[in-house]
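A.B. asks: Below is the sequence, then the predicted model.
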Amino acid sequence: MKAKRYIMSLVTVYLCYFTHGMQALILSQNAAYFIDKWGYTDVTAGSAAVSMAITATGFGKFISVWIGGEISDKIGRKKMAIGGALLYVICFSGLLLSNSMVIASICAFMAGVATSGFWDAALYPAAQEAAPKYAASALLGIKLFVSTAGIIYPLLVVNFASMGRPELSVMIPLVLSVVCLILAVISPFVYDDQMAETKGEDPAIRKQAMQAEIDAEKAKMLVQPNVLVNFFTMFYAFLCMFIMYGAQQYIKAFGMGNAGLTEAQSAGLTSIYTVGSLVAVVFWAFMMAKLRWNPVKVLLIDSVFTAVALALVLLIRHPAVIYISITAIGFFAAGGALQAGLSVRQMFCPGPKGRNTGIYYTWMGLASTFLPFIVSAMTRSLGEARAVYLMMGLLLVAAVVATLMMFYLVGQHKKIFGYSALSKMKD
């Protein structure tokens, strides 16, 4: 395989996820713009409507992530990349042109499907396939570009709003989506080329190789995992995404409504949260790859310090404490914890990677649907400031539950594999 031939596919992957970094924040960061655009005169009702539209994004992820991987393996990466880009173009066009919250919610739903059902299913493996010798680094690049967008975009939103041109915050990701579509059409993808070369080959051979890999992982176990281990390795995705999504979507509203910060300062909270996550990605990748830290150990540390940081945010509403704590939440909750959790799932419950990914990310999608829904309901009855404060309390509860689960998995790791999860990984 000629590696240079597939550089364009990597460029496509990274630009798609840079655009996704903007899409993930577009509703929450532009809440005031959309409230006015949709015709809401009551800010509380408008804020609840924005949360409901965010719920639609999560629902799109939830219903599509399960089958996306299966479809991607059947039809190839290129078609999935093109389909996701098309849905993004429609999504941003609808958000830009429509004055209806209902239409905006439909567009948000399509963005969720595009992200999880199309791009996650096709572009994660496409990145690894384009650079097989550096597969881990290729995936790290995805997080890098998402995080970079998460740092830049909130600052752009504030700047465009101060210029009196808030619609530019929607036009920029729309233009990027068109570029993603063009690149997806013209870029070659490794998997698609291999499909063309091996057309007609017996799929049973591939199945046997996959089963042999699974059997080898199971052979490392002294005893089989119990039902709680099976559940916790799935449910962690819900808790992790619940915390990540809550912080990502509502930190700005928390800063303005509960910490007395200006809009620019509150937008800065989102940016430093993302900076924390970006630093953590590199740090944890080093700790796991070079120092052989067990991902269970990483998740235990992440959960403990996430809980501490959230407690500080809720109890000490001093701007300096909030900035430091939000950075810590970004580092410990959003710095690759979700991806590390997937590796823990595969470690304790070996199985087809596509299936395990589908199960795990379905729980993730459930969290991204459930959280904005309850925030919307609380906003209607309590007002936005109190609703967001209560939501932060729920994030703390989720972090405490995740901590207890990780302590349990540390104990089970010794029982199942014969050595402590707090020691170095064994091959």
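C.D. replies: Good, I have the coordinates.
A.B. asks: Okay, and the closest residue to Ser28 other than its chain neighbours sits in which element?
C.D. replies: Of all residues beyond its chain neighbours, the one nearest Ser28 is Gln249 (4.4 Å), with distances taken as Cβ to Cβ, 6 or more residues apart in numbering. (Glycine included, C-beta is placed from N, CA and C.) The secondary structure element spanning Gln249 is helix 227-258 (assigned by DSSP states H and E).
A.B. asks: avg pLDDT for that helix?
C.D. replies: Model confidence over helix 227-258, given as mean pLDDT, is 94.
A.B. asks: how much distance is there from it to the middle of the chain?
C.D. replies: If you compare the mean C-alpha spot of helix 227-258 with that of the full chain, they lie 10 Å apart, counting by Cα atoms, centre = their mean, to the nearest Å.
A.B. asks: so what does it touch, helix or strand wise?
C.D. replies: helix 26-29, helix 43-75, helix 263-289, helix 295-315, helix 319-333, helix 337-348, helix 353-382, helix 384-417 (3 or more Cβ pairs under 8 Å, 6 or more residues apart in numbering; DSSP states H and E).
A.B. asks: can you list the weak-confidence ranges in the stretch 201-350 of the chain?
C.D. replies: When residues are selected by pLDDT under 70, those of the stretch 201-350 of the chain lie in 201-207, 209-210.
A.B. asks: Tell me how many other residues crowd the residue nearest to Ser28.
C.D. replies: Neighbouring residues of Gln249 were enumerated by other Cβ atoms under 10 Å; the total is 27.
A.B. asks: wait, what's in contact with it?
C.D. replies: By Cβ atoms under 8 Å, 6 or more residues apart in numbering, the residues touching Gln249 are Leu25, Leu27, Ser28, Ile54, Leu371, Pro372.
A.B. asks: got a list of what the fifth one touches?
C.D. replies: For Leu371, the set of contacting residues under the criterion of Cβ under 8 Å, 6+ apart consists of Gly58, Phe242, Tyr245, Gly246, Gln249, Met391.
A.B. asks: Report the angle between the helix holding Gln249 and helix 263-289.
C.D. replies: Orientation note: helix 227-258 sits at an angle of 150 degrees relative to helix 263-289 (axes from the mean of the first three to the mean of the last three Cα atoms, to 10 degrees).
A.B. asks: Please point out which parts of stretch 419-427 sit buried.
C.D. replies: Taking 16 or more other Cβ atoms under 10 Å as the neighbour-count basis, stretch 419-427 is seen to contain the buried residues Ala421, Met425.
A.B. asks: what's it in contact with?
C.D. replies: The contact list for stretch 419-427, computed with Cβ under 8 Å, 6+ apart, reads 288, 291-294, 296-297, 300, 409-410, 413-414, 417.
A.B. asks: 6 Å instead, please
C.D. replies: By Cβ atoms under 6 Å, 6 or more residues apart in numbering, the list of residues contacting stretch 419-427 from outside reads Arg292, Asn294, Val296, Lys297, Val410, His413, Lys414.
A.B. asks: thinking again about what came up before, just send the contacts of Leu371 back as CSV, with distance to Met364 too.
C.D. replies: Below are the contacts of Leu371 laid out as CSV (distance: Cβ to Cβ, whole Å):
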residue, distance to Met364
Gly58, 9
Phe242, 9
Tyr245, 9
Gly246, 13
Gln249, 14
Met391, 18
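A.B. asks: mind checking how far Ile54 is from Gln339?
C.D. replies: With distances defined as Cβ to Cβ, to the nearest Å, the gap from Ile54 to Gln339 amounts to 22 Å.
A.B. asks: who has more neighbours, those two?
C.D. replies: Counting neighbours by other Cβ under 10 Å for Ile54 and for Gln339 shows that Ile54 has the greater number, 28 against 19.
A.B. asks: Tell me the pLDDT of that one.
C.D. replies: At Ile54 the predicted local confidence, pLDDT, stands at 92.
A.B. asks: What is the neighbour count of Val179?
C.D. replies: Neighbour count of Val179, defined by other Cβ under 10 Å: 14.
A.B. asks: Report pLDDT for it.
C.D. replies: Reported pLDDT at Val179 in the predicted model: 98.
A.B. asks: What strand or helix carries it?
C.D. replies: Val179 is part of helix 168-186, with elements assigned from DSSP H and E.
A.B. asks: Glu197: which of the contacts of Gln249 is nearest?
C.D. replies: Leu25 (40.3 Å; Cβ to Cβ).
A.B. asks: circling back: quick check: the two most widely separated of the contacts of Gln249?
C.D. replies: Comparing all pairs in the contacts of Gln249 by Cβ to Cβ, the longest separation belongs to Leu25 and Leu371, at 14.9 Å.
A.B. asks: From Thr306, how far out is Pro319?
C.D. replies: Taking Cβ to Cβ as the criterion, Pro319 is separated from Thr306 by 20 Å.
A.B. asks: what about these two, which has more around it?
C.D. replies: Thr306 (30 against 13).
A.B. asks: give me every residue that touches that one.
C.D. replies: Residues near Thr306 by Cβ under 6 Å, 6+ apart: Phe332, Ala333, Ala399.
A.B. asks: Whichever helix or strand comes after the helix holding Val179: how far from the chain's middle?
C.D. replies: Tracing the chain past helix 168-186, the next element assigned as helix or strand by DSSP H and E is helix 190-197. In this view, helix 190-197 has its centroid 28 Å away from the chain centroid, taken as Cα atoms, centre = their mean.
A.B. asks: Likewise for stretch 144-151?
C.D. replies: Taking Cα atoms, centre = their mean, the mean C-alpha location of stretch 144-151 is offset from the chain mean by 12 Å.
A.B. asks: Next, count neighbours for Met101.
C.D. replies: 22.
A.B. asks: Now do the same for it: its pLDDT.
C.D. replies: Value listed for Met101 in the pLDDT field: 94.
A.B. asks: I'd like the distance from it to Thr55, if you could.
C.D. replies: As for Met101, its distance to Thr55 is 12 Å (criterion: Cβ to Cβ).
A.B. asks: cool, and Leu371?
C.D. replies: Separation of Leu371 from Thr55 (Cβ to Cβ) stands at 8 Å.
A.B. asks: cool, Lys79 as well?
C.D. replies: Counting by Cβ to Cβ, the gap from Lys79 to Thr55 is 28 Å.
A.B. asks: In terms of neighbours, single out the busier of these two.
C.D. replies: Between Lys79 and Thr55, counted using other Cβ under 10 Å, the more crowded position is Thr55 (23 against 17).
A.B. asks: these two touch, right, that one and Phe370?
C.D. replies: No - the pair Thr55 and Phe370 fails to qualify as a contact (Cβ atoms under 6 Å) at a distance of 8.2 Å.
A.B. asks: so what does the helix holding Val179 touch, helix or strand wise?
C.D. replies: Contact here means 3 or more Cβ pairs under 6 Å, 6 or more residues apart in numbering; DSSP states H and E; on that basis helix 168-186 packs against helix 7-23, helix 77-97, helix 135-162.
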